[in-house]
Structure formats: structure tokens, C-alpha cells
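Student: quick one, what's the 3D model for this:
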Amino acid sequence: MLAAPPAPADTEIVVTGGRPHVAPGLWRIDQSATFSETPTPKFQPFPGRVYTVCIAPEHQDKALEALLGAAIGMSDEGLCTLSAIRVRKGKVTGGKTCSIGMGSLSFDLHGKVNGETMDTAVSIVGETASTKTRYRRRLRGARVGDCPS
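Tutor: Sure thing, here's the model as predicted:
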């Protein structure tokens, strides 16, 4: 399945540090299911998915933000802090916090990225006045070839 590149996320994510140049071309993205570290009958894991993204040369400058934005989850729900993601020597760290209703969600991203691959994990903590639940998901991507004509 071919999808358009995600919309640039320049208002939602800031990447600092050594920026690898993401190679244009066809990327395969494998997002694992989001699962709870403490399973409960009420929680149903969000399913994983595999998709492809064509990164055109003219979108190369914003591709890193788009890929990392997909990893951390750029939800439109709630009021979120600006995501700050740091890349240093190929290692990625960062996160964001969102207020949703009477609770909050905190996202912590870490992993590795270079011009042709990325491998990231996200720890998510959902918190209300009476509960605290931890979730995890993983997002991997790799350039697999040229975009179809």
C-alpha cells in the first residue's frame, strides 16, 4: 500500500542535534501494536500496522520530523506540550505530555535513526487521579527502494 508522506509537523515537533539526512525513496514502516505493561480486561491493545511512505526529494528536509512524529504519536486529542526530540550520534530521545480530560498521557521516545533506517520505542504513561497505566509500542522503518512512478 502506498501512502502520501505524513503532513509536516513543524508546529508539533522540534528536532535538535545532529540531523541525519533521510534518504528519499520508498520507506516501509512497521508499527507494533500498543500494549499495556499491566494487562487488564478493560484494555484492548491497539493493533499494529505496516505501511509504505514515498519520501520525495522535495520533502526530504521535513521527512525526519514526519517519521519521528509518527513514532511518538502526534495525536490531535488533548492539550499537548511541544515535542522536543534530540538526535545525537544516531541516538534519538525525546517526548511530550498531553492533558486529556481529567488525566494525562506522557510519551517517552528513544531509539536510533540514520538516513536509511529507524528503530524507535515509545513508553506511554496514562495517569488519572486513581490510576496509572504504562503502555509500549515500537516503530521501525527502512528505505526499501525507489518510489513508484
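Student: show me the contacts for Ile124.
Tutor: Thr34, Gly73, Leu105, Ser106, Phe107, Asp108, Arg134, Tyr135, Arg136, Arg137 (C-beta atoms under 8 Å, 6 or more residues apart in numbering). (Each C-beta comes from the backbone N, C-alpha and C, glycine too.)
Student: the third one: how many residues sit nearby?
Tutor: Using other C-beta atoms under 10 Å, the number of residues around Leu105 comes to 20.
Student: chain neighbours aside, what residue packs nearest to it?
Tutor: Cys98 (4.7 Å; C-beta to C-beta, 6 or more residues apart in numbering).
Student: need the three-state assignment for the one you found.
Tutor: strand (DSSP: H, G, I helix; E, B strand; the rest coil).
Student: look at it and report its pLDDT.
Tutor: Here, the pLDDT recorded for Cys98 equals 86.
Student: what about it, how many residues nearby?
Tutor: 18.
Student: any idea how far it lies from Val53?
Tutor: Distance, Cys98 to Val53, by C-beta to C-beta, to the nearest Å: 24 Å.
Student: just checking, what packs against the longest strand along the chain?
Tutor: Determined from DSSP state E, the single longest strand within the chain is strand 132-145. Using 3 or more C-beta pairs under 8 Å, 6 or more residues apart in numbering; DSSP states H and E as the contact test, the elements touching strand 132-145 are strand 25-31, strand 35-36, helix 60-72, strand 117-127.
Student: cool, thanks, talk later.
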